[in-house]
Structure formats: structure tokens, C-alpha cells
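> Quick one: sequence and predicted model below, then my questions.
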Amino acid sequence: MKRYILSFGSILFALFSLSGCVSTYMPNVPNTPMFTEKGELSAGGHVTPKGNISFNTAYAITDHFAAMLNGSMLNSERSKRDFRHNLLEIGGGYFTTFGPDQNRILEVYGGIGGGSSDRTKKEEDSKGVMTYTRYEANFSKYFVQVNFSSKRKKSLHLFNRDFPLNYGTALRTSYINMNKYLVNGEVEAEEDNIFFEPIFYTRLALNPAVQLQYTSGANFGLKNRETLTAGYSVFSLGVVVNVGGFARNK
């Protein structure tokens with residue numbers, strides 16, 4: 001048990017001590033509903049060290065097809081920089097189970113979305129005069145992702161209870177294309193980029209429906225861009241609620 005506590009403490013320290021550069025695009029936490037059958041509903045909320053809040057919802061329409069709605073928002077005001085970011089996306093795709101106990105899950109999803117970014121950079125000269133540079137952008141998004149998950153292979157024994165641990169990974173590729181870019185109100189050249197966003201997550205089941213999730217991941221920009229760069233990775237803590245199907249019956 002001590003080993004688990006030390007590992008979790010290390011994760012928390014790394015999670016809340018991370019810092020990164022500023023980019024127009026900030027990735028949200030990918031939706032990983034881990035569906036097994038028709039009628040399941042998944043909803044989750046996650047927060048990153050930067051204060052970016054992601055929400056994910058999904059519903060299994062049939063035994064192999066699901067629809068989803070995802071989004072994120074950030075409103076940060078600091079002494080050297082203000083940053084606001086909003087993103088909304090919809091999608092759908094295919095899921096199936098496999099393995100001896102049918103507790104391994106493969107999901108393939110795709111979707112579209114859009115968002116906005118508003119950054120204000122603050123600089124103070126030697127005389128104490130403050131200057132402001134404002135960057136405004138609107139963008140569209142297209143994404144595809146493949147999720148691989150495993151349910152309840154191990155448990156964490158804590159406080160005389162066993163908490164099942166679920167594991168998974170999501171490999172997501174996103175195409176982001178600006179449709180407006182202004183610097184101090186002046187029109188600037190728009191950019192696009194392709195981001196490869198692999199993430200890994202661990203869920204600790206508090207009960208059959210509610211799970212805590214730790215997510216870690218990376219973000220790679222496949223094109224060399226000046227402002228639409230891979231400035232942020234995905235590190236978050238969150239809560240996921242799954243009802244119906246597997247969560248209900250197991």
C-alpha cells in the first residue's frame with residue numbers, strides 16, 4: 001500500500017508543478033467512455049494544472065455505435081499573461097469488446113468542432129510602463145482517435161477495501177485550422193497544424209459507477225508553426241461516471 005501512496009504522491013507533485021509555453025491551441029482531455037453495450041452513458045469532468053476544464057459525455061446508441069459531445073474552457077488572468085480558451089466538439093464512432101472475459105475494449109471515434117483563443121501578453125519596461133499585446137484566434141477542429149482499454153484486471157487495497165483499477169490509452173490526431181487571427185486588432189496570416197496527441201489514463205473505481213481518473217499525455221505538432229504550436233500537453237485529474245451496461249451489471 002505504501003508503494004501506491006508514494007506513486008500517487010509523485011504523480012500529484014508532477015501534475016501540479018508542470019509549466020509550459022503559450023500556444024493558440026490547448027488540447028482537451030479525450031473522451032474514453034469504455035463502452036461495452038447499448039444504453040451505456042458516460043460523463044466526466046477533468047482539470048489540468050493550467051486550469052483548463054474539460055467535460056466529456058457519450059452515449060451508446062447501439063451495441064457498437066456511440067455518439068459524443070466534448071468541450072473545454074479556460075479563463076486565466078495573471079500578472080504577465082491573460083489567457084482565455086474555449087473548445088466544443090461532437091463526434092461518434094465504433095466500439096467493441098474482446099478477450100477471454102470480454103473486458104478489453106477497442107473504440108474508434110471521429111468528429112468535428114471549433115473554438116477560440118484570446119491571449120494578452122503584458123510587458124513592463126524599466127520605467128514601469130506596461131504594454132499589452134493581444135492575440136485573438138478562431139479555429140476549426142477535425143479529429144480521429146483510437147482507444148484501447150482494459151477493465152478491472154488489478155485492484156488497489158486501501159482502508160480494508162479493494163478499489164478496481166482500469167487502464168487505457170487513446171491515440172488522437174487533430175487537424176486545427178484558423179479562420180481568424182488578429183494581433184492588436186490587425187489581421188495576420190492564418191495558420192494550420194496537425195497534432196498527434198497520445199494519452200494514457202488510470203481509473204480508480206470508487207463504486208461500480210464512479211471512478212477517479214488520472215490522465216497523462218503529450219502533444220506533438222507535425223508542422224512548424226509560429227503560434228499554432230504544441231505548447232501544452234494533457235495532464236489532468238478528473239471524475240468519470242458510467243451508468244448502464246457493464247458498470248451496472250458487473
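All right, it came through fine.
> what helix or strand is residue 66 on?
In the assignment (DSSP states H and E), residue 66 maps to strand 65-77.
> ok, now residue 29?
For residue 29, there is no host helix or strand (DSSP H and E).
> how much space between residue 98 and residue 105?
Using Cβ to Cβ, to the nearest Å, we find residue 98 at a distance of 8 Å from residue 105. To be clear about C-beta, it is placed using only N, CA and C from the backbone, and glycine gets the same treatment.
> who's more crowded, the two?
More crowded of residue 98 and residue 105, by other Cβ atoms under 10 Å: residue 105, with 23 against 10.
> returning to that earlier point: hmm, who's touching the strand holding residue 66?
Strand 65-77 has contacts (Cβ atoms under 8 Å, 6 or more residues apart in numbering) with 26, 28-31, 33, 35, 50-61, 82-95, 107, 109, 111, 113.
> Stretch 95-113 now?
So stretch 95-113 is contacted by 31-36, 60, 64-66, 68, 70, 87-94, 140-153, 168 (Cβ under 8 Å, 6+ apart).
> hang on, the earlier thing: after the strand holding residue 66, which helix or strand is next?
Following strand 65-77 in sequence order, the next helix or strand is strand 81-98 (DSSP H and E).
> can you tell me how far residue 178 sits from residue 111?
19 Å.
> Which residue comes closest to residue 28 once chain neighbours are left out?
In space, and not counting its chain neighbours, residue 28 is closest to residue 72: 3.7 Å by Cβ to Cβ, 6 or more residues apart in numbering.
> And the one you found, how close does it get to residue 174?
Here the criterion is Cβ to Cβ. By it, residue 72 lies 13 Å from residue 174.
> got it, and residue 68?
Going from residue 68 to residue 174 by Cβ to Cβ gives 15 Å.
> What's opposite residue 199 in the beta bridge?
With DSSP bridges as the criterion, residue 199 is bridged to residue 170, residue 217.
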